[in-house]
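> Coordinates for the following, if possible.
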Amino acid sequence: TTFVSSATVIPGTSCAIDNPSLYKSYAPQDHIFTRFVVSKSPGFLISSNNTTKMFRFRSNGGYPTLSVWMHNQKYIIAVEGGWSMGTVNYQGGPAVSSTAWDQVEAEFKLNTPNVSDGLMRLWVNGTLYIEQLNLQLRGPTPTSVNGQGALVPSTTRFDNAQIFVQCGVGNMFWDRVAVGDTRIGLAPAGGGTADILTPAVPRNFRKQ
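Modelled structure (predicted):
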C-alpha cells in the first residue's frame, strides 16, 4: 500500500534550518518504507554543521523520529529520541551525487514494546549500505521517557512523512517520492533523470 506518492520535481529553496517544507499524514503504522529520487546541484551547501535532515518519519507522540540525513555530503540514517538510545546517527552511506539522480530507499520498523526488534535500513541505487537491527526505538510502557527526557511511549506509531529543504547555496531536487507499508523498489528506468537536464529554449520564444 502506498500512502504518499508524488512524481513532481520539487526544487529546494531558502528556508529556516531544519524546517520541513512538505509533509503528509496517513493512518498510524509500525513499519514504514520510503523511496525517493533526489539530486543536488554542484557545490550545494547545507546548514553550517554540514548535517541536514532530508526525509523524516514523525510519530504521533513526537518521538522517536527516524530520518534520512546528509552528513559531510554522504547519506546517513538517524533516530531522534529513541527510548533506549536518545539521538544516534548511523553512517556508512555513499556520497550524494551532484551529477546524477540517486534512488534512495529506507525502511524503519518500530520495536515491539519490551522487545529489541526494531530496525533501520538504507539503500542507495539498489545497494544496501546501512542496516541496524535489534533496536529499542519506543518504550516498554505508555509513559516511557528516554535518557534525554523525551516522551517515547510504547503507543507511538508513524503517522507523518516530511521532506526538508535547507538554507544554503544551490538546490536539492526531489522526484518519485513514495511511502508505503512494503518495500516500494526503484522507480522505473529513467525516473527523474530527464528532469535534471537544463530545458532547451522553446522556438519562437521572445522575452517581453
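
> ranges for the strands of this structure?
Listed in chain order, the strands of the chain (DSSP state E) span 2-6, 10-11, 19-29, 31-40, 51-59, 65-71, 74-82, 86-90, 102-109, 118-124, 127-135, 158-165, 172-180.

> the bottom helix or strand of the chain by mean pLDDT?
Lowest on mean pLDDT, DSSP states H and E among the helices and strands of the chain sits strand 2-6, with a mean of 40.

> For residue 163, give me the pLDDT.
What the model reports for residue 163 is a pLDDT of 84.

> Can you name the residues that contact residue 184?
2, 33, 34, 35, 105, 178 (Cβ atoms under 8 Å, 6 or more residues apart in numbering). In short, each C-beta sits where N, CA and C put it, glycine included.

> tell me the two of those residues that are most distant?
Farthest-apart pair in the contacts of residue 184 is 2 and 105; separation 13.3 Å (Cβ to Cβ).

> so where's this structure shaky on pLDDT?
1-21, 45-50, 61, 165-170, 189-208 (pLDDT under 70).

> So for the protein, which residue is the most central one in space?
In the chain, the residue lying closest to the centroid (Cα atoms, centre = their mean) is residue 55, at 2.3 Å.

> so how far is residue 177 from that residue?
Applying Cβ to Cβ, to the nearest Å, the value for residue 55 to residue 177 is 8 Å.

> who touches both of these two?
Here residue 55 and residue 177 share the contacting residues 34, 36, 163, scored by Cβ under 8 Å, 6+ apart.

> so residue 74 sits right up against residue 97, yeah?
No - Residue 74 lies out of contact with residue 97 (Cβ atoms under 8 Å); the separation is 11.0 Å.

> outside of stretch 135-148, which residues touch it?
Stretch 135-148 is contacted from outside by 59, 63-64, 66, 79, 81-87, 110-111, 113-114, 116-120, 151-156, using Cβ under 8 Å, 6+ apart.

> ok so, going back, I only care about the contacts of residue 184 that end up buried; give me the ChimeraX line for that.
In ChimeraX, this line selects whichever of the contacts of residue 184 come out buried by 16 or more other Cβ atoms under 10 Å:
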select :33,34,35,105,178
